[in-house]
Structures are given as structure tokens and as C-alpha cells.
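1. sharing a model prediction with you, sequence too.
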Amino acid sequence: MPAEQDRTLEALQVAIQMEIDGKEFYLKASRESGNEMGKKLLASLAAEEDLHRQTFEEIYRSLKDKKGWPETRLESDGGAGLRTIFARATADSGVKAQASELDAVKTAMDMENKTYDYYQAQSQTASYGGEKEFYRALMAQERGHYLVLLDYYEYLKDPAGWFVQQEHPSLDGG
């Protein structure tokens, strides 16, 4: 088990750094966002990255102290909390996206996909009880982040088109 523990500890160190980098990216993007909705959404993503980092650090300490994989409870809401922030803010239909903001959101989407892939690989080589489920829960959260970012990207590109797609307005002729 020592080799497996070393592999797991190394994977956790990589995950901790990924979450730190993600938080820094989201905070910077939040500060540079041209609209209040973007600021709130990106700041919320930064906060979630920080929660992930804290959880990874707790697991790392537990394994390092030879206490085994601790019980972890990461339940994905599928990005529902982030969607709520987004949904409340879409009332501001005057959003005009700068090319740099669109680029930042595309970069964030790519980061979420890469993080998802990393956690998927870790779940396939998991050796501790609870580890596989933990990585799967993280995968679900990262996928939720990606979908919220994709929705935001589409909104920034074309707010009117986004509204039509989301709301499905129709004329009933009546």
C-alpha cells in the first residue's frame, strides 16, 4: 500500500494546485468582468474551487497521518446554485461582452474539462475506500461548472438568442 499511498498523495497535491490555480483564475476573471452577473458567477466559481482545495488538503493530511481516506461528502447540485445566480442576473439584458471576457469564459470551460478528465483518471485508479466515489462527485461538480459556463458564454455572445433558446417563446395566435 505504500506505493499506492504515494501515488494518491501525489495526485492530491496536483489536485490542490489545480484548485488553487482555478480559484486565482476565477477571481481575476471576476475582477475584470464587464458586468455584475459575470462578477458574481466567477466569484462563486472561485469559492467552490477553494472548498475543493480545503477538502483535498483534509484528505491529504489524513492520508499523510496514516489515518486512511476520510469520509467525505461532496454532493453535486449539478451547478444549480450557480445557475440560480445566473438566472437571477439575466434580468439585466444590457450585457455586452468584451472579446476578452468571452475568451476568459472559453478558457474557464477548457479548465473545467481538463479538471474533469483528471478526476476521471484518478477515479479509475482509486485504491482507497470512498476515493472513487469522491472523484466521481467532483467530476459531477466540474461538469456542472462547465455547463453553467457554457450557458453564460452563449448568453454573452447573443443575449437575445439565448433568451429565445431558454424561454421558448411562441405565438399562440389566440
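-> The structure has been received and is ready for your questions.
2. tell me which element the residue most central in space within the chain falls in.
-> Nearest residue to the geometric centre of the chain (Cα atoms, centre = their mean): residue 145, 3.7 Å. Residue 145 belongs to helix 131-157 when assigned by DSSP states H and E.
3. tell me what that helix is packed against?
-> Counting contacts by 3 or more Cβ pairs under 8 Å, 6 or more residues apart in numbering; DSSP states H and E, helix 131-157 is packed against helix 36-64, helix 80-89, helix 99-124, helix 159-167. From N, CA and C alone the C-beta is placed, and that goes for glycine too.
4. worst-scoring helix or strand of the protein, pLDDT-wise?
-> For the chain, scoring each helix and strand by mean pLDDT, DSSP states H and E identifies helix 80-89 as the least confident one, at a mean of 49.
5. buried sites along the lengthiest helix in the chain?
-> Ranked by residue count, the top helix of the chain under DSSP state H comes out as helix 2-32. Judged by neighbour count using 16 or more other Cβ atoms under 10 Å, the buried positions of helix 2-32 are 5, 8, 11-12, 15-16, 18-19, 22-23, 25-27, 29-30.
6. wait, which of the residues you listed is closest to residue 129?
-> Nearest to residue 129, judged by Cβ to Cβ, of the buried residues of helix 2-32 is residue 8 at 12.1 Å.
7. list the contacts of that closest one.
-> Residues counted as contacts of residue 8 (Cβ atoms under 8 Å, 6 or more residues apart in numbering) are 63, 127, 128, 131.
8. buried ones from those residues, can you make that a PyMOL selection?
-> The PyMOL command for the buried members of the contacts of residue 8 (criterion: 16+ other Cβ under 10 Å) is given here:
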select buried, resi 63+128+131
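9. with pLDDT and distance to residue 116 as new columns, can the contacts of residue 8 be given to me in TSV?
-> Below are the contacts of residue 8 laid out as TSV (pLDDT from 0 to 100; distance: Cβ to Cβ, whole Å):
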residue	pLDDT	distance to residue 116
63	91	23
127	85	21
128	86	21
131	90	17
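10. need the max-distance pair from the contacts of residue 8.
-> 63 and 127 (10.8 Å).
11. so where's the protein shaky on pLDDT?
-> Low-confidence segments of the chain, defined by pLDDT under 70: 1, 74-98, 168-174.
12. so how far is residue 164 from residue 158?
-> Distance, residue 158 to residue 164, by Cβ to Cβ, to the nearest Å: 9 Å.
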